[in-house]
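J.: Show me how the following folds:
(one chain, ligands or ions: 1)
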Amino acid sequence: MKLALVTGGAGAVGAAAARMLAEDGFRVVLADRALERTQAICDEICRNGGEAVAEPVDLLEEGASQRLIDSVAERFGRLDCLVNNAGMTGAPRIDSVELSVWNAVLALNLTVPMLLAQAAQPLMKQSGGGSIVNVASRVYLAGTGVAYTSSKSGLIGLTRVLAVQLGPDNIRVNAVAPSFLNTPFNDKIVKENTGLAASFRKMSPLGRLGTAEDVAGAIAFLASPRANFITGDVIHVCGGTQLAPQPASAGADDASHNQTESEEHLIAS
Ligand SMILES: NC(=O)c1ccc[n+]([C@@H]2O[C@H](COP(=O)([O-])OP(=O)(O)OC[C@H]3O[C@@H](n4cnc5c(N)ncnc54)[C@H](O)[C@@H]3O)[C@@H](O)[C@H]2O)c1
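T.: Next up is the predicted model:
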C-alpha cells in the first residue's frame, strides 16, 4: 500500500488532503503538533474505511524533519507522497518585522519543506519514486505579508530546484498556490479586516472563496499517476484570482467594442 505523509495534517487543508489521499488508496500519516485533532481526523478516516496514523511533531524543533522521516521509514518502510502543508503567517509589514517571527515563518514554510525533502529522498527513491507537493500560496504573485510572501515565493523556487534535482530518482515535485480560503488560518486577519473575504470573493470570476477540499483535489491529482509527467509546476487553486483584475465590462459579449482607453491599458498591463 502506498504511503503519503501530510504535514499540518490536523489543519483544514491537511485534513482534507489526507481524507482524499486515503480515498485514493494511500495509507496516510498525519504529522502535526495538534495531537488531539490529528488523532480525531485519523479515527474518522479509519471509520470510513481508510488507513491513517498520527505522528505528533513540532516541526520547528531541531532535528524534527529527520526524526519524522526516520519514524515513517521504520514503521512503514516506504514513502510515496510528501505533502508539505504545515504553514504559518506573521511579520506582515516591513516597518515592524520582528526577527524571531520572520525566522519562524521562514523556518516552517520554507526550511522545513527543504529538510523534509532532503530526508525523504532516499526513502522515496527506494520506493521507486514518488510525488512531493508543496502548499505555497497565491501571494507569491502579489505582495502581501513580508515574511509570508517571501517564504511562499521561496517555496515555489524550491519546488523548481527539487523537480530538477530529484527527477532522475522519479520523484516529481510540484506546488499548489491557493488564494484566500475560508479556514481558521485566516481567523485573525479576517477579524482585523472584515471586508477581506468579500473582496476575494469579488476578485474571483467564479464568485466564491476557495475551500480546503478545492486545494485537496489539486494535491490528490498531483500525487496520482494522472500527473505522472507533471513536475516543477504550480497549480493555482485560486478561482481565477491569479489573473489580472478585469474591467467591469470584460464578461460582456461586446466588451471589446466598449473598451475605453483606460480599460485597454488595464488589459494590456
Ligand atoms: N487558508 C488560506 O487562506 C491559505 C491560502 C493559501 C495557502 N495556504 C497554505 O495552506 C497551508 C494550510 O493552511 P490551512 O488553512 O489548512 O491552515 P490551518 O491553520 O488550518 O492548518 C495548519 C496546520 O499546521 C499545523 N502546524 C503549525 N505549525 C506547526 C509546527 N510547528 N509543527 C507541526 N504542525 C504545525 C497546525 O497545528 C495546523 O493543524 C499552509 O501552508 C498555508 O500557508 C492557506
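J.: residues touching the residue in the chain that the ligand sits nearest to, list them.
T.: Here the chain gets closest to the ligand at one residue, Gly11, 1.9 Å apart by C-beta to the nearest ligand atom. Placement of C-beta: from N, CA and C, glycine included. By C-beta atoms under 8 Å, 6 or more residues apart in numbering, the contact set of Gly11 is Asp32, Ala34, Asn85, Ala86, Thr183, Pro184, Phe185.
J.: Put the buried members of the residues you listed into a PyMOL selection.
T.: Per 16 or more other C-beta atoms under 10 Å, the buried members of the contacts of Gly11 correspond to this PyMOL selection:
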select buried, resi 32+34+85+86+183+185
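J.: Out of the contacts of Gly11, flag the one nearest to Val146.
T.: Closest approach between these and Val146, by C-beta to C-beta: Phe185, at 17.6 Å.
J.: Helix, strand, or coil at the closest one?
T.: Classification of Phe185 by DSSP: H, G, I helix; E, B strand; the rest coil places it in helix.
J.: That one and Ala12 touch, don't they?
T.: Yes. Judged on C-beta atoms under 8 Å, Phe185 makes contact with Ala12 at a distance of 6.7 Å.
J.: tell me which parts of this structure are close to the ligand?
T.: Contact residues (C-beta under 6 Å from any ligand atom) of the chain with the ligand: 8, 10-14, 32-34, 57-60, 85-88, 108, 135, 137, 178, 180-181, 183-186, 212.
J.: surely Leu106 meets Lys152?
T.: No. The pair Leu106 and Lys152 does not pass the contact test of C-beta under 8 Å, sitting 10.4 Å apart.
J.: The two - which one has more neighbours?
T.: Set side by side, Leu106 and Lys152 show more neighbours around Lys152, with 25 against 18, by other C-beta atoms under 10 Å.
J.: The one helix or strand that one maps to packs against which elements?
T.: Using DSSP states H and E, Lys152 falls within helix 146-166. Judged by 3 or more C-beta pairs under 8 Å, 6 or more residues apart in numbering; DSSP states H and E, helix 146-166 is in contact with helix 99-106, helix 112-126, strand 130-135, strand 171-178.
J.: Now do that helix against helix 99-106, angle only.
T.: Angle of helix 146-166 versus helix 99-106, following axes from the mean of the first three to the mean of the last three C-alpha atoms, to 10 degrees, is 40 degrees.
J.: List the buried residues of helix 146-166.
T.: Buried residues in helix 146-166 (16+ other C-beta under 10 Å): 146-156, 158-160, 162-163, 166.
J.: Would you list the phi and psi of Val53?
T.: Backbone torsions of Val53, given as degrees, to the nearest 10, read phi -130, psi 140.
J.: okay if I get the contacts of Gly11 as CSV plus pLDDT?
T.: Shown next, in CSV, are these (pLDDT from 0 to 100):
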residue, pLDDT
Asp32, 98
Ala34, 98
Asn85, 98
Ala86, 98
Thr183, 89
Pro184, 88
Phe185, 90
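J.: ok, so of the contacts of Gly11, who is nearest Val72?
T.: Taking C-beta to C-beta as the measure, Val72 lies nearest Asp32 of these, at 14.2 Å.
J.: Chain neighbours aside, what residue packs nearest to the closest one?
T.: Ala10 (3.9 Å; C-beta to C-beta, 6 or more residues apart in numbering).
J.: Give me the most central residue, the chain.
T.: Val135 (1.5 Å; C-alpha atoms, centre = their mean).
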